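**Student:** Sequence below, structure please.
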Amino acid sequence: MSLPLLPHAWGGPAAKGALKATPEDFVVEELLGFEPSGEGEHIFLRVEKTGENTDHLARQIARHAEVPRQAVSYAGMKDRNARTIQWYSVQVPGKREIDWSGLASERVRVLETRRNSRKLRTGALRGNRFEIVLRDLDGSPQMIEERLQRVAADGVPNYFGPQRFGHGGRNLEQALAMFSGELKLRDRNLAGIYLSAARSHVFNSVLARRVVEGHWNKALPGDVFMFGDSHSFFREALNEDIQRRVEAREIHPSGPLWGKGELPTSETPGALESEVAENLQDYCGGLVRAGLEMARRPLRLCVSDLGWRLLDGSALQVSFALPAGAYATSVLREVVDFQGELD
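**Tutor:** Have a look, this model is predicted:
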């Protein structure tokens, strides 16, 4: 299954280039949403890893600590073909101490350990900081600079990245097979991956329509709104204050993460979301039958601390921070049409 081409917000990429020429060209650091307490039977590990799968390293940590795999948790999956600084937690009964030096290798380094009273849960991040180099640039430096300035000022569509859908959209194919009963799964984690892919596809389709129609970053009558770092949404009649807050990027219009329940939108946004859902009924119906609850996601992604510099005329180094759940590739695609492995 080929993924649909998603429309760009600012006229298309300003250049072509290569992403992830080496793992060191894509660096991501997790930003925890809280401070470990310093006490408790859960040991938090801040680990730097290069070219390592997140879950594979979790199994290594469990073996080293001599605990079940279920005793090791992390806040989110990270790219394998990258250098990542990521947090893990290990539940160690009896608060015994562990020598973590034996975990070190050419690809893994434990940077610090902290104790906490509770384990690290999925999504327990404030966000991620990225430092990325795109190589083999083919494009005007002036146009690249102008596009980066536009992204810094106005943000980008908050698409789920292609990583969400698997190679060639395989996760979407598996989701449809699961919904039809053709695929029977006992692995809850794998089923969750396919459900997330289906939900993300519906959201991206709604957002793509609003990008084409020119109001993905504007407040419409009938919209519901979100803060960029919150999972909750609110409804309020469109007025000058709401317009001002949207224009100031304080709040954002939102799109559906499909599931059980009524759409909270009305008028043009509600009609658009209902039309997309009707066209994607196989996905939306499957998500409802799977028991997921209707939720929302901001349509606009604002980039924090965006900085950049051109290297030797053929490479671009960019750095920025994003809230949890946002994709760096959704930022980069507005600037550079890139080729490279996405995990």
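
**Student:** going forward, measure contacts between C-alpha atoms and count neighbours the same way
**Tutor:** Will do.

**Student:** check contacts around residue 337.
**Tutor:** 13-17 (Cα atoms under 8 Å, 6 or more residues apart in numbering).

**Student:** how about the host helix or strand of it: buried residues?
**Tutor:** Using DSSP states H and E, residue 337 falls within strand 336-339. For strand 336-339, a neighbour-count test (16 or more other Cα atoms under 10 Å) marks 336-338 as buried.

**Student:** thinking again about what came up before, between the contacts of residue 337, which sits nearest residue 233?
**Tutor:** residue 13 (31.5 Å; Cα to Cα).

**Student:** Could I get the CA-only coordinates of the lowest-mean-pLDDT helix or strand in the chain as PDB?
**Tutor:** Least confident helix or strand of the chain, by mean pLDDT, DSSP states H and E, is strand 336-339 with a mean of 91. What follows is strand 336-339, C-alpha atoms only, in PDB (Å, rounded to 0.1, in the frame of the first residue of the first chain):
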ATOM      1  CA  VAL A 336      14.000  19.700   2.300                       C
ATOM      2  CA  ASP A 337      12.700  16.900   0.200                       C
ATOM      3  CA  PHE A 338      14.800  14.200   1.800                       C
ATOM      4  CA  GLN A 339      15.800  10.700   1.100                       C
END
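
**Student:** would a markdown table of the buried residues of strand 336-339 with distance to residue 98 be doable?
**Tutor:** Below are the buried residues of strand 336-339 laid out as a markdown table (distance: Cα to Cα, whole Å):
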| residue | distance to residue 98 |
| --- | --- |
| 336 | 45 |
| 337 | 46 |
| 338 | 43 |
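
**Student:** can you pull the contacts of residue 247?
**Tutor:** For residue 247, the contacting residues are residue 218, by Cα under 8 Å, 6+ apart.

**Student:** how close does it get to residue 209?
**Tutor:** Going from residue 247 to residue 209 by Cα to Cα, to the nearest Å gives 20 Å.

**Student:** now do residue 225
**Tutor:** Residue 225 is 18 Å from residue 209, by Cα to Cα.

**Student:** One more: residue 192?
**Tutor:** Counting by Cα to Cα, the gap from residue 192 to residue 209 is 26 Å.

**Student:** Outside of the helix or strand harbouring residue 176 itself, which residues are in contact with it?
**Tutor:** For residue 176, the enclosing helix or strand under DSSP H and E is helix 170-180. Contacts to helix 170-180, defined as Cα under 8 Å, 6+ apart, come from residues 1, 164-166, 183-185, 191, 193-195, 197-198, 282-283, 286.

**Student:** how close does residue 197 get to residue 244?
**Tutor:** Residue 197 is 34 Å from residue 244, by Cα to Cα.

**Student:** So for those two, which residue has more residues nearby?
**Tutor:** residue 197 (26 against 13; other Cα atoms under 10 Å).

**Student:** wouldn't the more buried one be in contact with residue 165 here?
**Tutor:** Yes - if you go by Cα atoms under 8 Å, residue 197 and residue 165 touch, sitting 5.4 Å apart.

**Student:** Okay, residue 95 and residue 291: tell me how far apart.
**Tutor:** Separation of residue 95 from residue 291 (Cα to Cα): 38 Å.

**Student:** higher neighbour count, these two?
**Tutor:** residue 95 (13 against 10).

**Student:** Touching, the more buried one and residue 41? I think so.
**Tutor:** Yes - with contact defined as Cα under 8 Å, residue 95 reaches residue 41; the gap is 4.8 Å.

**Student:** what do the two both touch?
**Tutor:** In contact with both residue 95 and residue 41: no residue, using Cα under 8 Å, 6+ apart.

**Student:** Now do the helices in this structure.
**Tutor:** Assigned by DSSP state H, the chain shows helices spanning 54-65, 141-154, 170-180, 188-213, 240-247, 267-279, 281-289, 328-332.

**Student:** centre of the chain versus the fourth one, how much separation?
**Tutor:** Centroid separation for helix 188-213 versus its chain: 12 Å, with Cα atoms, centre = their mean, to the nearest Å.

**Student:** So which elements touch it?
**Tutor:** Helices and strands touching helix 188-213, by 3 or more Cα pairs under 8 Å, 6 or more residues apart in numbering; DSSP states H and E, are helix 170-180, strand 252-257, helix 267-279, helix 281-289.
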